[in-house]
Each structure stands twice: as C-alpha cells, then as structure tokens.
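Enquirer: Kindly generate the corresponding structure for this input.
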Amino acid sequence: MRRSKSYLEKKQKLQPLVGSVPLNEAIRKLKLVARDWESVDIAIRLGVDPRKADQNVRGNISFPHGTGRTPRVAVFAKGEKVVEARDAGADKVGLEDIIEQIKEGVIDFDIAIATPDVMKEVSKVAKILGPRGLMPNPKSGTTTFEVAAAVKEFRAGKVNFRVEKAGIVHVTAGKGSFAESQLVENIEFLLAEINRLRPPSVKGQYVKSVAVSATQSPAIRIDPLTV
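Expert: Numbering: from 1, shown residues only. Take a look at the predicted model:
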C-alpha cells in the first residue's frame, strides 16, 4: 500500500518509538503529528472469540469529553414516533423510504435507531446494515420506543462499540484538537468499560494490545498495563 507524503513524514517523527509505551506518552507523541481536524481512534485487541455468543463484547458509552463530532442519526419509525424523532433532531426519519435508499446503496447516516414495532421491516436490510455496525439492537440502545431520548444521547456523543470478527474493538475517542488530558481521560474511560464487560468465560489475558492513531497518522502501541 502506498502511503501519502504526510503519513511518511509523521512516521519519521514517531520513528524513535519502540514497542509499547505508556498511555500519556503515546498521546503526547500523537499530538505532535495529528492535525486538529483528524479523528483520534483507538484499537483494542481482545482475547475473545467473537463467534461465541457469550464472548461477543459490545456496549455503549458517553465519553467525558465527547468525540468532537455530531453523528448523523437516522430513525426508523411510524406514527407519532416520526414527529418525536424529528423534534429531537434526527437527521432522517421514516421507514420504507429509508429502507429503499439503503437497498440502493445510500447510507448517509452514522447511527440507526428503530422502534421495536418496525424491526420486522428493518430486518429486510439487516445484511447491509449489520456488517457496518448500523443494525439497531436493544443492547446498544438503538431499538427503543424512547426515540427522543436516544436521538439526543447519540447526537450528544454517545458511542456504540462491539468486538469485530478479528477480536478488535475500534472506537473514535476524540479529535486532534483535544487537549492531551481530554484524550487520556476518554481512553481510560473506554478501557474501564471494556474491562467491566469482560466475559466470565474468557481465560488468560483479556486485553491483548491497545493502539492509538489519528486519521492520517501511524498507530502508536500503548502498554495495556498503564491504563
């Protein structure tokens, strides 16, 4: 894969880093190369088998300092819940019209919320939304009749996460414009929640590795024992 000149320059600045470093040092180094508009992403590799239902780690959190962006929220609903969702600030509200757009390849939202009574219709596009992590689900708080509250929470920075097939959890924890202390607190908050969700059936090391990166920056490995 060919890397951009900017990426290679940033990699050169980070070259002295060897192995895993403490969280505070990783964020300090990343701040030297990350631009204000870049997202700061964290990748956590877990010692779980996502194929097993009892090890499919997933949840949602509201970061202490938010994520620095307002996600686009789509709501699948009908009747009075349509008005409720619109009044709460949802970017898209509807049912069959949104489903048809999805089938045509138009997915212009970051969060999908659905009321339980329309999940049968939404399931028609489950194979499209599921792999993208967009399928509404009660465990993530996106299948609910409390539409207004859900829309406001997600627009305010509530984030869903789940372990992927490779055993990795990817989450955006802020932006390059955040202060070092804000990024550190957000990441510590996320890792505390990940640890809280440790499946009882997991044996041995749970958090295998942690890495932080910005949109156009190389990843920096973090020593799991420092967070």
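Enquirer: Helix or strand: which one has the residue positioned nearest the centre of the chain?
Expert: Most central in the chain under Cα atoms, centre = their mean is V171, positioned 3.7 Å from the mean C-alpha point. Per DSSP states H and E: V171 is located in strand 168-175.
Enquirer: Run through the neighbouring helices and strands of that strand.
Expert: Applying 3 or more Cβ pairs under 8 Å, 6 or more residues apart in numbering; DSSP states H and E, one finds that strand 168-175 makes contact with strand 39-46, strand 158-162, helix 180-196. C-betas here are computed from N, CA, C, even on glycine.
Enquirer: most neighbours per residue, which of the ones you listed?
Expert: strand 39-46 (a mean of 21; mean count of other Cβ atoms under 10 Å).
Enquirer: Tell me the helices and strands packed up against it.
Expert: Using 3+ Cβ pairs under 8 Å, 6+ apart: strand 39-46 touches strand 168-175, helix 180-196, strand 207-214.
Enquirer: which of the residues in stretch 214-226 are buried?
Expert: By 16 or more other Cβ atoms under 10 Å, the buried positions in stretch 214-226 come out as 214, 216-222, 224.
Enquirer: so is A148 in a helix, a strand, or just coil?
Expert: helix (DSSP: H, G, I helix; E, B strand; the rest coil).
Enquirer: typed the wrong thing, it's V75
Expert: strand.
Enquirer: Tell me how far it lies from F154.
Expert: 10 Å (Cβ to Cβ, to the nearest Å).
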